[in-house]
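J.: task: produce atomic coordinates for the following.
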Amino acid sequence: MGTEQRLAYESIRDQLKSNLFIQIKEQGLEAGKLSVLHGILKLRMACNSSELIKDEALFNYDSVKTQVLMDELQNLPAGSKALVFSQFTSMLDLLEKEFVANNMSFFRLDGSTKVDERQERVNAFNSDETDARVFLLSLKAGNAGLNLTSADYVFLFDPWWNRAVEQQAIDRTHRIGQTRSVFAYRMLCRDSIEERILQLQQRKSKVSEELIGAEDAGFIQRLTEDELAFLFS
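T.: Presented below is the predicted three-dimensional model:
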C-alpha cells in the first residue's frame, strides 16, 4: 500500500484490535466471534479501497490493487482477455468507474444481473467481434455455470479463503474449447490481514480448508487468541 492507504488501514486495524480484545477479555472468544468476522471484513475492504468503508472519516481513497490491476490489464498480450473477480459488488462499482475513466470496454455480471442477460453477456464477451477484453464478475455469481474460454487471464481481486470457490472461478476459463495456457493471479496487500490469513493457511493445513470468508464463522471457533492477535497484528 501507499502511505495514505497504509495510514488508513492501520487506523482501522488499531481501533478494531483494541475494541475486539477488550470484548474477548470481558465476554470470551465465542461471544466475540461476530466482531472478529466484522473486523476481518472491514480490513479486507481497506485492502481493496477505504472508499468501501462508509462509517469511517478516512479521507483517502487510494487503492494499490486498482493501480496494479489497471497496469496489468492495459498491458495484456494481443488477443488476450481477462476475468476480474471480487467478492464485493461495491468494489466492482469502483472498478467500473476506473474503466470508464480510462475508456476501457468491459462486461459485468453480478448477483443483480438477470438470468436471461447472463448468457447474452457471456456470448458477447466470447465473441471475436467485441472490443471488450475484460469481464468484471462477482465471485459468487460468476463461479459456476459459465463458459468463458475466450479469457486466458484471471485476477482474484480480493482472495476468497475457500480455495475451492476460487478454483471454481478460475475454472470458468478451463472448458472445452480453451486452447491457451491460463494465468491466474491472487491479489494480496503485503503486511495486511490478507497476508496474515495466507500465512495462517500455510501454517495450519486443516484451517486452510476452512478459512472461507466473512459470511461463515466456522473457522473462528478453531482459532486461538494468539492466532487472532496474529491476524490483527
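J.: residue nearest the middle of this structure, spatially speaking?
T.: Asp158 (1.6 Å; Cα atoms, centre = their mean).
J.: element containing it, please.
T.: Counting by DSSP states H and E, no helix or strand carries Asp158.
J.: what's the answer for Leu137, then?
T.: Assessed by DSSP H and E, Leu137 sits inside strand 134-138.
J.: helix or strand right after that strand?
T.: Next element after strand 134-138 (DSSP H and E): helix 139-142.
J.: tell me the mean pLDDT for that following helix?
T.: The pLDDT scores in helix 139-142 average 74.
J.: make residue 1 into 57 and carry on from there
T.: Understood, numbering begins at 57; the last thing we discussed is helix 195-198.
J.: ok, and what's touching the strand holding Leu193?
T.: For strand 190-194, contacts defined as Cβ atoms under 8 Å, 6 or more residues apart in numbering pick out 129, 137-145, 148, 151-152, 155, 160-167, 177, 181, 204, 207, 225. Every residue, glycine included, has its C-beta placed from N, CA and C.
J.: just the buried residues of the longest helix that the chain contains, please?
T.: Determined from DSSP state H, the single longest helix within the chain is helix 59-83. Residues 61-62, 64-65, 68-69, 72-73, 76-77, 79-80 are the ones in helix 59-83 that count as buried (16 or more other Cβ atoms under 10 Å).
J.: out of those residues, which is nearest to Thr122?
T.: Gln61 (10.4 Å; Cβ to Cβ).
J.: any idea of the angle the host helix or strand of Asp172 forms with strand 190-194?
T.: Element membership of Asp172, judged by DSSP H and E, is helix 171-182. Relative orientation of helix 171-182 versus strand 190-194 (axes from the mean of the first three to the mean of the last three Cα atoms, to 10 degrees): 150 degrees.
J.: domain ranges for this protein?
T.: 59-117+246-287, 120-242 (automatic domain parsing).
J.: next one: the first one to chain centre, how far?
T.: What that stands for is domain 59-117+246-287. Offset of domain 59-117+246-287 from its chain centre (Cα atoms, centre = their mean, to the nearest Å): 14 Å.
J.: pLDDT of that domain, averaged?
T.: 79.
J.: give me the distance between the two termini of it.
T.: 21 Å (Cα to Cα, to the nearest Å).
J.: repeat that for the last one.
T.: With Cα to Cα applied, domain 120-242 spans 14 Å between its terminal residues.
J.: now the residue sitting furthest away from the middle of the chain: how far from Leu287?
T.: The centre of the chain is farthest from one residue, Glu82, which by Cα atoms, centre = their mean lies 32.7 Å away. Counting by Cβ to Cβ, to the nearest Å, the gap from Glu82 to Leu287 is 20 Å.
J.: show me what stretch 112-121 is in contact with.
T.: 57-58, 60-61, 63-64, 67-68, 103-107, 150, 213-214, 243, 245.
J.: what do you get for stretch 246-254?
T.: Against stretch 246-254 from outside (Cβ under 8 Å, 6+ apart): 57, 65, 69, 96, 99-100, 102-103, 214-215, 217, 244-245, 267, 286-289.
J.: fine by me, we can end here.
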